[in-house]
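Novice: Need coordinates for the following:
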Amino acid sequence: MRSLPAQMVLTSIALVLLTAIAAGVPSAWLVRGKAQEQAWARVQQGMRATEALYAANLRELTALATLTAQRPTLRTLVDGGDASGTWSYLEELRGGAGLDLVAVCDGGGNVLSAAVSGLAVPAAGPDIDSTICRAGESAGHIVSYMTDQDGSDPSSMPGVWLLAGRAIDPSPSTPGATVVVGSRMTDDAASSLFERTGLEQSLILDGKVVATSLPGGSRTGETSGNAASRETSRLSVGGLPYYVGRTPLTQVAPSLVGTAEGAADEGATMEVALPVSDLAAAERRLLLGLAAGIVLVATAGSVLAALLSRRISRPLESLVAAAEALREGELSVAVPDVGEVREISLVARALEVARQDLRRTLDELREEKTWTDELLEAIVEGIVTLDDEGRITYISSGAERITGARRGNALGLPCDEIMRPSDTDRPLADVMPLPGRRATINVTFADGRRATLAVTGAHLMPPDQGSDRTALVFRDVTDAESMHRVMGHFLANVSHEFLTPLTALAASTELLRDQAPDLSRDEMQELLIALHVGILKLHTLVDNLLEGASIEAGRFDVSVQPVTLDQIVAEAVSTMRPLLDRQGQRLVTSLPEEVPVVLADRRRTTQVVVNLLSNASRYGPDESDIELGADVTGPSVRVYVADRGPGVPAGQRDSVFHRFVYRGAGDDRSLYGAGLGLSVVKAIVESQGGKVGVEARAGGGAEFWFTLPVAGDA
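Specialist: Predicted structure coming up:
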C-alpha cells in the first residue's frame, strides 16, 4: 500500500502524462501523416515523369528507325545480299547512334542481320530472338533472351529491350524488309533515369530485378513485377527503407511478346523508389521531442505535487514513523504529540498509551522466555509439540540439531514431512509410543538422512478440553544402536574365531590322549600340525585384539630400528607355513637380490606380514599360489602379498582397512573374523612412516601392499 504523499505524486504525474499524451500524440500523428502523404505524392509524380521519359525514349527510337530505314546504302546492301557488309554497316550505325541493337528483318519475320552491343560478330538466325522483327511499323518493348552459340556473350542474360521498327523502301529482292533499332534497359539506363527524375529506378522481370539504380543489398518487401495497374508499397534495400511505385511497362509501350525458350511473362514492371531514411529520422526526432516534452512536463508536475503533498502529509509522518517503530518492536521511543490536527493528536496519544502498556507486558514476557529458552537449550534431546492434526507447533534447538529442520520452515508442517518412519508406510502418529512410554523408531529426515530415535510421548492437555496437543521428546541413538550391532557382530565373530581353533585343539588333544599308542607317525604328525595351526590362529587373533585395544586406548607405539627385510619375511613365513601347508597353498616369495635394510619395528612389521598372509590364505582358494614379494622404489621398499581370491570391489578399497569391516567373498570362511587384522596393519605401517593399499590383480584376486623407508635414506 502506497503512502499518501506517494499517491498524490503519482496521481499528479498520471494527470500530466495523460494531458501531454492527449495533446502530443494526435499532433505527432498528423505531422507524420502529412509527411508520408507528401512522400507518396512525390512517388506518384516520379512515376508519371518516368512514364513520360519511357515514352520519349520510344519516340526517339522511332525517329532513329525512320532515319535508318531511309538510308540508300542500307537498301543497297540488303538487296545485294551482302551479309558481312550489311552487319558492318549496321554496327557502324549502332555505334554512332548509341544504340544497343540495329537489325534487318525480311518479310517473313526472320532476322537477316543484326548488330548487337556486346557481340563482336554478325548475329542472325538462331543467334538472336526473331521476335524483335515484330516491331515492324510500331514501337514497344520486348522481353528477350538473346543467346549466342557458345553462351559466352553477356547479352544472353534475360533483359528488357525498347524497340522501334520501320519498313525499308520496297525492294524487288527483299520485299517487306524492315529495320529495327533498340535500346536495352541496363543499370546505366536506370541510373540515367534516376539523374533525370531524382528517384531510384528499377525494372523487374518475372519477379527479378534486371536493371536498377539502387545500391546492392538484400531486398525485402513487395517486389512483384506483374502488377496489372499502378500500385504503391514499401521496400527495404540493404536495410534502407523506400517508398516505391510500380507500373506495368505496357502502360507506356505495348509489349512485343516473344522470348526464346518460350518465356511466359508478357511484360515488365518499371519501379520508382523514394528513399525515406530522412523521413524516418524526422519521425524519430519528432517522437523523441514529444517524449522529452512529456518527461519535462511530468517532472515539473511531480515537483509541484511533491511540495503540495509535503504540506498536507507532514503531520502524519511522525505518526507513521512511530507506528513502524512499534511494529518492529522499538518501544523505547515515545510517540510525538502532533497538535496541528485534533484527530491526529488523539491518535498519537492513544498510540503512546498503547506503547507504554505493551512495553511493560513485553518486558515480563521476555524474562519468562529467557528462562524457558535457557532451560530448553540446556536439554540435548529434541522436543516437538504437535496439534490435534499432527502439525508442528513448537520445535526446540535440540530437535533442530537432530532433524536438520529450521524452526521457521518447520512450524505448521505435518510431522511426517520432517521425519517419517523408515520401516513402514504408516505415519509417525501411528507408531508413536503411548504417553509415558518409550519406543525406538527408525526414521528418515527431510534431507534424506536416516537415524534411530528413542522417542517418549506425552499429552499437554486432556483430550476433553478440545485442544489436545502431543509433546514428543526424542534422542538420536543411531551411533549407539550402530555400535551395539557392530559389537554384537564383532563378539559373534570373535567367539567363532576362538571356538573354531579351540574345538579343533580339543578334538586333537582328546584323540592324542585316547589313541596315542595306536597312532602312526604320520597320523601323529598330522595331529601335531593341527594343534600348531590352531594355536597359531589363536595367537594371531590375540595379537590383533591386543593391538586393537592399545590403538583404541591411545597407547599404541612402535620402536623403529634398522632391520633387514629378509629377517622379517623369514619370521612371517616360518609362522604361517603350517597354516599354508594345511590349506595346500603354495607360497611364492620374490625379494630383491640385494635385500635392503629398512627402518621398522621388527616384531610389529612381522605381525603385518603375518596378518596379510593370513588374510590371503583365508580368502584364497585351496591349492592356489600366494605371492610375497618386495620392490625397491626410491627411498622406500614396497612389500606386497597377492592372492587369487575374489578380490576387493573398487568401492570398498578405502574402507577395508577400517575396524570391523569385513572383506566379502564367496565361501564360508569369509563370513567370520574379528575385523581388526587390516586395521592393525594400517596402524603399524603408518606409525612407521609408510603407506598401505590394495589393488585388483590381473587374472583375479587382490594384491595388498605396504611401504617401509629404506634405512640409508632415512
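
Novice: what ranges do the strands span in the stretch 351-500 of the chain?
Specialist: Using DSSP state E, counting those that start in this stretch, the strands of the stretch 351-500 of the chain run over residues 382-386, 392-395, 419-421, 438-445, 450-459, 470-476.

Novice: would you turn those into TSV with distance to Trp87?
Specialist: C-beta coordinates here come from the backbone N, C-alpha and C atoms, glycine included. Below are the strands of the stretch 351-500 of the chain laid out as TSV (distance: least, Cβ to Cβ, whole Å):
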stretch	distance to Trp87
strand 382-386	112
strand 392-395	108
strand 419-421	104
strand 438-445	103
strand 450-459	104
strand 470-476	112
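
Novice: Nearest to Thr361, out of these?
Specialist: With Cβ to Cβ as the measure, strand 392-395 is the member of the strands of the stretch 351-500 of the chain nearest Thr361 (21.1 Å).

Novice: coming back round to it: out of the strands of the stretch 351-500 of the chain, nearest to Ser192?
Specialist: Across the strands of the stretch 351-500 of the chain, closest to Ser192 is strand 438-445 (Cβ to Cβ), at 88.0 Å.

Novice: thinking again about what came up before, so for Gly700, which of the strands of the stretch 351-500 of the chain sits nearest?
Specialist: strand 450-459 (35.2 Å).

Novice: how about the strands of the stretch 351-500 of the chain in CSV, adding mean pLDDT?
Specialist: Shown next, in CSV, are the strands of the stretch 351-500 of the chain (pLDDT from 0 to 100):
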stretch, mean pLDDT
strand 382-386, 82
strand 392-395, 83
strand 419-421, 84
strand 438-445, 83
strand 450-459, 80
strand 470-476, 80
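
Novice: Take those strands and write them to TSV, including distance to Gly647 and mean neighbour count.
Specialist: Shown next, in TSV, are those (distance: least, Cβ to Cβ, whole Å; neighbours: other Cβ atoms under 10 Å):
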stretch	distance to Gly647	mean neighbour count
strand 382-386	44	21
strand 392-395	48	19
strand 419-421	38	21
strand 438-445	33	16
strand 450-459	30	17
strand 470-476	37	20
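
Novice: just so I know, which of the ones you listed lies nearest Val116?
Specialist: Using Cβ to Cβ, those put strand 438-445 closest to Val116, at 93.6 Å.

Novice: So which of the strands of the stretch 351-500 of the chain is nearest Thr212?
Specialist: Smallest distance to Thr212 across the strands of the stretch 351-500 of the chain (Cβ to Cβ): 76.7 Å, for strand 438-445.

Novice: can you give me how far that closest one is from the chain middle?
Specialist: Relative to the centre of its chain, strand 438-445 is centred 41 Å away, using Cα atoms, centre = their mean, to the nearest Å.

Novice: sorry, back to before: ok, which of the strands of the stretch 351-500 of the chain comes nearest Lys691?
Specialist: Minimum separation from Lys691 across those (Cβ to Cβ) falls at strand 450-459, 33.5 Å.

Novice: what angle sits between that closest one and strand 470-476?
Specialist: 150 degrees (axes from the mean of the first three to the mean of the last three Cα atoms, to 10 degrees).

Novice: Show me what strand 450-459 is packed up against.
Specialist: Applying 3 or more Cβ pairs under 8 Å, 6 or more residues apart in numbering; DSSP states H and E, we find strand 450-459 packed against strand 438-445, strand 470-476, helix 478-515.

Novice: go again using 10 Å as the cut-off
Specialist: strand 382-386, helix 397-403, strand 419-421, helix 428-431, strand 438-445, strand 470-476, helix 478-515 (3 or more Cβ pairs under 10 Å, 6 or more residues apart in numbering; DSSP states H and E).

Novice: Could you list the low-confidence segments of the stretch 1-150 of the chain?
Specialist: Applying pLDDT under 70 to the stretch 1-150 of the chain flags the ranges 1-5, 8, 24, 120-129, 136-141, 143-150.

Novice: hang on, the earlier thing: looking at the strands of the stretch 351-500 of the chain, which is closest to Arg644?
Specialist: Closest to Arg644 of the strands of the stretch 351-500 of the chain is strand 450-459 (Cβ to Cβ; 37.7 Å).

Novice: quick one: the closest one to chain centroid distance?
Specialist: 44 Å.

Novice: likewise stretch 323-341?
Specialist: 52 Å.

Novice: got the contact list for that stretch?
Specialist: With Cβ atoms under 10 Å, 6 or more residues apart in numbering as the test, stretch 323-341 has contacts from 314-319, 321-322, 344-363.

Novice: mind checking the SS state of Glu195?
Specialist: Under DSSP: H, G, I helix; E, B strand; the rest coil, the three-state class of Glu195 is helix.

Novice: tell me the contacts of it?
Specialist: Glu195 sits next to 201, 213 when contact means Cβ under 10 Å, 6+ apart.

Novice: Please apply the same query to the one 5 residues further on.
Specialist: The contact partners of Glu200, by Cβ under 10 Å, 6+ apart, come to 46, 190-191, 193-194, 212-215, 235, 237, 242, 244, 271-275.

Novice: any idea of the pLDDT on the residue nearest to it when sequence neighbours are not counted?
Specialist: Among residues not flanking Glu200 along the chain, Ala273 sits closest, at 4.0 Å (Cβ to Cβ, 6 or more residues apart in numbering). pLDDT, Ala273: 88.
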